[in-house]
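Undergrad: What follows is a predicted structure for the sequence shown.
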Amino acid sequence: MSNKQNYFLSILKMKCPHCRRGDMFKDKNPFHLRFSKIFAMYERCPVCNQKYELETGFWFGTGYVSYALGIALSVFNLVWYWFFFGMSWKDDSIYWWLGVNGIILLVLQPWLMRISRVIYLYFFVYYDEDTAQLPDPEHPLDHSH
């Protein structure tokens, strides 16, 4: 029986790419009023001890991931907006979409910045089946995880 955690769920839950069990961020809520808390990460995974910042300046690459996610979200917003409201230059609805899209991107920015870090780290750190045997510090007596 394999304890392998789902790849996409572990990304969305912002779990360590090595064990897919340890949290990457100290606080699960990305929507803090203080900007400094958005990136409050553990230095290492609390379950498997995987180092998160692989080298100095490692997180600069997340800008590309964040950009791609922003474009994908904007295209998604364009499709649903066009489907529900229609789109035309004649009635300025394209400008309304730009405003709605801008607000959605602004509101989701803290989450997008965090998920970009998670996705970027998943490019470089691979899952290890053996880490499923490690005890979880949150549930030290429970070995079913």
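TA: Alright, I've got the coordinates.
Undergrad: show me where this protein has strands.
TA: Under the criterion DSSP state E, the chain contains no strands.
Undergrad: who are the neighbours in contact with the nearest residue to A40 once chain neighbours are set aside?
TA: Distance criterion C-beta to C-beta, 6 or more residues apart in numbering; nearest residue to A40, sequence neighbours excluded, is K26 at 4.5 Å. In short, each C-beta sits where N, CA and C put it, glycine included. Contact partners of K26, counting by C-beta atoms under 8 Å, 6 or more residues apart in numbering, are A40, M41, Y42.
Undergrad: Please apply the same query to W111.
TA: By C-beta under 8 Å, 6+ apart, W111 lies in contact with P30, F31.
Undergrad: distance of it from E129?
TA: 29 Å (C-beta to C-beta, to the nearest Å).
Undergrad: same deal with S116?
TA: Taking C-beta to C-beta, one finds S116 at 27 Å from E129.
Undergrad: quick one on the thing from earlier: what are the phi and psi values at the residue nearest to A40?
TA: Note on K26: its backbone torsions stand at phi -70, psi -30 [degrees, to the nearest 10].
Undergrad: what pLDDT does the residue nearest in space to the middle of the chain get?
TA: Centroid-nearest residue in the chain: I115, 1.6 Å away (criterion: C-alpha atoms, centre = their mean). pLDDT, I115: 96.
Undergrad: same deal with the one 3 residues further on?
TA: Looking at V118, its pLDDT stands at 97.
Undergrad: Ok, D23 next?
TA: 95.
Undergrad: Test my guess that it contacts C48.
TA: No: D23 is beyond contact range of C48, at 11.7 Å (criterion: C-beta atoms under 8 Å).
Undergrad: and for those two, which residues touch both?
TA: In contact with both D23 and C48: C16, using C-beta under 8 Å, 6+ apart.
Undergrad: Can you list the buried residues in stretch 10-17?
TA: For stretch 10-17, the neighbour count (16 or more other C-beta atoms under 10 Å) marks S10, I11, M14, K15, C16, P17 as buried.
Undergrad: Please save the CA atoms from it in PDB.
TA: Only the C-alpha atoms of stretch 10-17 are listed here, as PDB (Å, rounded to 0.1, in the frame of the first residue of the first chain):
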ATOM      1  CA  SER A  10       0.100  18.800  -2.500                       C
ATOM      2  CA  ILE A  11       0.800  21.800  -4.600                       C
ATOM      3  CA  LEU A  12      -2.500  23.400  -3.800                       C
ATOM      4  CA  LYS A  13      -2.000  22.700  -0.100                       C
ATOM      5  CA  MET A  14       1.500  24.100  -0.400                       C
ATOM      6  CA  LYS A  15       3.200  21.100   0.900                       C
ATOM      7  CA  CYS A  16       6.900  20.100   0.600                       C
ATOM      8  CA  PRO A  17       7.700  18.600  -2.800                       C
END
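Undergrad: Nice, that's everything, thank you.
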